[in-house]
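Asker: my questions are about this predicted structure, shown below with the sequence.
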Amino acid sequence: MTSIYLLTLRQLSGRWRLLIIALVSALPPLVAVMALYSSSALSVDAFETAVLGTLLAGAAAPLVVLAIAAAALGNEVEDRTLANLTLTPVPRWRIVAAKLLASITVAGPFIAASAFLTAWVAFLGDATAALAVTVAAVVGVALYAAAFLWLGLVSSYAIGAGLLYIVLWEGFLSGFVSGVRLLSIRHYSIAVMHALDPRRFAAGPHVAPSAAVLISALVFAGFIMLTVRRLRRMDVP
Amino acid sequence: MGAEPIIRLDGVSRWYGSVVAVSDVSFDIRPGITGLLGPNGAGKSTLLRMMNGLAATSTGTITMFGEPVRDNPPLYRRIGVMAEHETVYDFMTGREFVLMMARLRQVARPAEAADRAIELVDLADAQHRRMGTYSRGMRQRMRLAATLVHEPEVLMLDEPLNGADPRQRVHFQQLLHRLAEGGTTIVLSSHILEEVEQLAGTVLLIVNGKLAASGGFRAIRAALDQRPYHVRVVSDAPRRLAAAVLGLESVEAVTVDPDGAIVILSRNVRDLQVELPRLAQSSRIGLRRVEPLDDSLESVFGYLVER
Amino acid sequence: MAESVQAGRAPGTVFDIGYRSYAGRREGRGRGRIAVFKNGVRTALGLGRGGRAKILPWSFLAILTGIALIMVLIAGAATRFAGPAGAAKMDLPSHVDYYGIASILLFVFAALVAPELLCRDRRERTINLYLVRPLTGTDYIAARYAAGLAVMLTAVWLPQIILFLGLTFDAAEPVAYLRANWLDVPRFLLAGLVLATFTTGLALLTAAFTDRRAYASVFLVGLFIITAPFTAGLASDIQGPAGQWLSMFNLTNIPMHVNDIIFGEVSDVTKDAPAGKLPAAVLVGWYLAWTIVPGLVLWARYRRLSP
């Protein structure tokens, strides 16, 4: 399994790719810094919604993870090298786990750093709050990675579906229709954020923390199982 | 022959929507070299992929060593597969690739096994270069090394000699014969008659997804030769040629077409190829056109089925 | 029939198996360009490629048209309940606002269409098939651009036409409505063209720089989604000309400002943008830069291609 993990790390870490991810991840902290020095001070709520909720969790994180995780298995299918991994005695779930971990390893640090810096700047050095945001962001990355790993394996048109999900579902609807929040990864990670640091984030509409943690775990495991199932049943090119 | 077959196919079919790729194929594969022969698009690759578990069957079962091949990862310790298309990672060196395959197949001492395999394909001096810089033949050989690194009992090769140069061809044939003598069961697919002739003891002829013929290669070749060929000849003096041609040993019958061409029925085209021009020359008849009317595996299959 | 007799070797024969060369009419470059264009449109819309390829593009078209239909229904309901005067006072969404609402969807649509047009050919190297014909790289990219533009124009104009027809028939007196509002038609057609060329150019440019469709799509969507709130948020904080220029980098708004000029009224999407305060000439010039320059870079990238 280590071999697959290392292989995937190499496959996913192209020079240009990493550069673009770094740039994208640098945006939220930049915005936070500029907001700090601007004349009009934003309230915690507005800041949380605008930068953390929308820019980071709603845009930067899912897009970065989409590009990485969908490629982890999707590229193997497209290049027809997946057989190298499946024609081995390695159990299918280990293959999926290695691919998933590698995706999280590549995308995670960027998003985590971005989240930590953003929150640290915005909340003026409040370490607890920053940590809460970071953990929440990592949870979000893990969930998106599991979902997009499956999506990338299933179809090459999956990217379009993933993008639609990010833009419409996470972007628009879940902001307006409260029921949809139960099915939105962005809101799970926001809820985790609230759970970890209630004094700072208690106010505002959100999914109950306990429900969010449970659903997150289920969603994570669910997508992994779907991926393993697909790997076992598909015709490997 | 009381030995258990290594691979057994039973009523195997595969279709994609309304297109049937493989139709009701049943046979046993025993140790030694078996060749899957057939025209392009006959279903050889699909059959091979089903035999190594990469693709599912629509109906029918395939077992290897008595176990199902599909969804059975531990079995892959004993099988080596080389696909028709490129499967290497350009950014890796050859050695890294073979080493990775050795590790994934849970070989006891991966480094040594990799060394051995790379020696076997004679690529020791290029093993530390990135595979993106390899020539096509080198990539193929490195893939072969990766396929052999875990010393599998069963080897499946899909068009292994695609684009191989003559030297590689000889080397490869020697390697396969050595492996077969050592007890490895080898299944290879090809659309080139001569390749299969030189390598395989048993041949399975696949045409349009169906098993058209199977068994010893010589027997099939003989069956093909017994079938009479139709050769159409356009000449300056058809009737005179027809009369003369009837005297040839290799000719069974002659028909004269209304458009002036003659159709020769012959069971021995090789001799006919030599005798006909000689005859035309000595009779001073100009030959305009000589074409075989049914020189295809398809017609062979048709003939065999009709019989 | 050809005979080749070499010293010491048996004679060989070459059979004529009936190959014929094409003797029909040969079309010119123009036909080739049209073919590339047609193929581009079909690829983008998933025509001739099975059900799966059609889901995404047609869903987008359906959603975009659906939005227009909803607007028609709302307008109709308003007129019914509040009377024409009351409806006019409500400032219902109209043609201007449609583009604002649908813009993000259009950008995502372009992000999916453009890579299909360019990336596939380069990745599978089928672009060589085009270039070995009398087509040049310029012909190819021009035809692909036209195809992308055609698809985007459909996505942009169709809903607006439905909206216009709907509003006309909803009105108490359709003919009077027509006479009063006929100027809307050329306006939204022009505005649609503005939007379509902008998205097509940028999307194709991105697709020209990567081989994998996925990366191109994600990059484009990221570009649009992330620059929007980023620049919007910053620009409203920083006052003065600096803020206005920053707001100019909100890519989603660039064509919207031009649309505002065309319609003569500011839409909801752009009314808060500081860039709106800049003179019209600057806004139009900026838009043209962002539309023409990508086209030129595209052309430069493709014109030198040879098989």
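Answerer: The structure has been received and is ready for your questions.

Asker: quick one: contacts for residue 135?
Answerer: This is for chain A. A:192, A:193, A:196 (Cβ atoms under 8 Å, 6 or more residues apart in numbering or on different chains). For every residue, glycine as well, the C-beta is placed using N, CA and C.

Asker: chain C is the one I meant
Answerer: Contacts were defined as Cβ under 8 Å, 6+ apart; by that measure residue C:135 touches C:29, C:32, C:33, C:36.

Asker: tell me the mean pLDDT over stretch C:28-40?
Answerer: Averaging pLDDT along stretch C:28-40 yields 88.

Asker: which residues touch that stretch?
Answerer: When contacts are taken as Cβ under 8 Å, 6+ apart, the neighbours of stretch C:28-40 outside the stretch itself are C:117, C:130, C:133-135, C:139-140, C:142-144, C:146-148, C:150.

Asker: just checking, which of those residues belong to helices?
Answerer: Judged by DSSP state H, the subset of those located in helices is C:117, C:130, C:139, C:140, C:142, C:143, C:144, C:146, C:147, C:148, C:150.

Asker: got the buried residues for the helix ranked longest in chain C?
Answerer: Selection of the longest helix in chain C by residue count, based on DSSP H, yields helix C:50-89. By neighbour count with 16 or more other Cβ atoms under 10 Å in any protein chain shown, helix C:50-89 contains the buried residues C:53, C:56-57, C:60-61, C:63-65, C:67-68, C:71-72, C:75-76, C:78-79, C:87.

Asker: quick one: strands adjacent to the host helix or strand of residue B:62?
Answerer: Following DSSP states H and E, the helix or strand that holds residue B:62 is strand B:59-64. Strand B:59-64 has the following strand partners under DSSP bridges: strand B:7-16 (antiparallel), strand B:67-68 (antiparallel).

Asker: so can I have JSON lines of these showing distance to residue B:246, mean pLDDT and mean neighbour count?
Answerer: Formatted as JSON lines, the entries for the strands paired with strand B:59-64 read as follows, by distance: least, Cβ to Cβ, whole Å; pLDDT from 0 to 100; neighbours: other Cβ atoms under 10 Å in any protein chain shown:
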{"stretch": "strand B:7-16", "distance to residue B:246": "47", "mean pLDDT": "93", "mean neighbour count": "18"}
{"stretch": "strand B:67-68", "distance to residue B:246": "59", "mean pLDDT": "92", "mean neighbour count": "12"}
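
Asker: make a markdown table from those strands and add distance to residue A:165 to it.
Answerer: Rendered in a markdown table, the data for the strands paired with strand B:59-64 read as follows (distance: least, Cβ to Cβ, whole Å):
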| stretch | distance to residue A:165 |
| --- | --- |
| strand B:7-16 | 29 |
| strand B:67-68 | 37 |
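
Asker: which one of those strands lies closest to residue B:47?
Answerer: Evaluated over the strands paired with strand B:59-64, closeness to residue B:47 peaks at strand B:7-16, with 7.5 Å, by Cβ to Cβ.

Asker: excluding chain neighbours, what is closest to residue C:244?
Answerer: If the residues on either side of it in the chain are set aside, residue C:244 comes closest to residue C:274, at 4.5 Å by Cβ to Cβ, 6 or more residues apart in numbering or on different chains.

Asker: help me confirm that the one you found comes into contact with residue C:247.
Answerer: Yes: applying Cβ atoms under 8 Å as the test, residue C:274 and residue C:247 come out as touching, 4.6 Å apart.

Asker: quick one on the thing from earlier: out of the contacts of residue A:135, which is nearest to residue B:72?
Answerer: For residue B:72, the closest of the contacts of residue A:135 turns out to be residue A:192, at 39.9 Å, with distances computed as Cβ to Cβ.

Asker: my guess is the closest one meets residue A:139, correct?
Answerer: Yes: taking contact to mean Cβ under 8 Å, the distance of 5.0 Å between residue A:192 and residue A:139 places them in contact.

Asker: what sits in contact with each of these two?
Answerer: A shared contact of residue A:192 and residue A:139, defined by Cβ under 8 Å, 6+ apart, is any residue touching both; here these are residue A:216.

Asker: quick one: residues contacting the residue in the stretch 101-250 of chain B that chain C sits nearest to.
Answerer: Distances between the stretch 101-250 of chain B and chain C by Cβ to the nearest Cβ are smallest at residue B:231, namely 8.7 Å. Neighbouring residues of residue B:231 by Cβ under 8 Å, 6+ apart: B:263, B:264, B:266, B:269, B:272, B:290, B:291, B:292, B:293.

Asker: can you select the buried ones among the residues you listed for me in ChimeraX?
Answerer: Buried residues among these (16+ other Cβ under 10 Å), as a ChimeraX selection:
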select /B:264,266,269,272,290,291,292
